[in-house]
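*Asks:* Fold the following, please.
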Amino acid sequence: MSETSPKSRICVWYDKDAEAAARFYAATFPDSTVGAVIRAAGDYPSGKEGDVLIVEFTVAGIPCIGLNGGLAFKQTEAFSFAISTDDQEETDRYWNAIVGNGGAESACGWCKDKWGVNWQITPRVLTDALAAGGDEAKRAFAAIMTMRKIDVATIEAARRG
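*Replies:* Prediction:
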């Protein structure tokens with residue numbers, strides 16, 4: 001890792017496509033970049049000398065490394081990137097980029113990219129409604145339980161009662 005690498009980062013395990021994933025994230029989300037691409041110095045269980053082993057990248061300001069570790073471990077919903085959005089247009093843009101690039105929809109604002117990494121695309125209006133508590137939170141919560149991609153207008157209506 002480079003001397004300017006952050007002291008703490010998230011390590012995301014990939015089968016073999018960490019660099020492609022990092023480049024997709026950098027093209028999709030603001031404040032996202034691809035840094036060093038580190039190649040294996042020798043053969044390893046899931047690759048050969050010279051293969052991309054580690055990719056330094058940032059997703060929406062979060063420093064990460066992608067590790068091409070092979071098939072030993074799979075992604076689960078126990079880890080996800082949570083992206084807050086300001087409106088329906090931004091929600092749609094990120095959701096459609098992930099799902100439309102070989103990903104899959106899930107429930108309540110969750111989706112999975114084609115590399116198996118989970119994402120929560122969450123409009124701030126939803127987070128605000130849940131934080132408000134009481135009946136407003138109950139109505140917003142009931143509304144999201146019926147959704148895949150979050151519909152901002154429906155959440156706003158639920159907030160008003």
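*Asks:* Name the helix or strand for residue 136, please.
*Replies:* helix 134-144 (DSSP states H and E).
*Asks:* residues of that helix that come out buried?
*Replies:* For helix 134-144, burial by neighbour count (16 or more other CB atoms under 10 Å) applies to 136, 137, 139, 140, 143, 144. (Each C-beta comes from the backbone N, C-alpha and C, glycine too.)
*Asks:* these two touch, right, the fifth one and residue 152?
*Replies:* It stands for residue 143. No - counting by CB atoms under 8 Å, residue 152 is not a contact partner of residue 143; they are 10.7 Å apart.
*Asks:* I'd like the next helix or strand past the helix holding residue 136.
*Replies:* Elements were assigned by DSSP H and E; along the chain past helix 134-144, the next helix or strand is helix 152-160.
*Asks:* For that next one, name the packing helices and strands.
*Replies:* Here helix 152-160 touches helix 88-100, helix 124-132, helix 134-144, going by 3 or more CB pairs under 8 Å, 6 or more residues apart in numbering; DSSP states H and E.
*Asks:* how about TSV for the ones you listed, with distance to residue 64 added?
*Replies:* Listed next are those as TSV, based on distance: least, CB to CB, whole Å:
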stretch	distance to residue 64
helix 88-100	16
helix 124-132	23
helix 134-144	27
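*Asks:* so which of those comes closest to residue 30?
*Replies:* helix 88-100 (9.9 Å; CB to CB).
*Asks:* so for the closest one, what's the average pLDDT?
*Replies:* Confidence over helix 88-100 (mean pLDDT, whole number) is 98.
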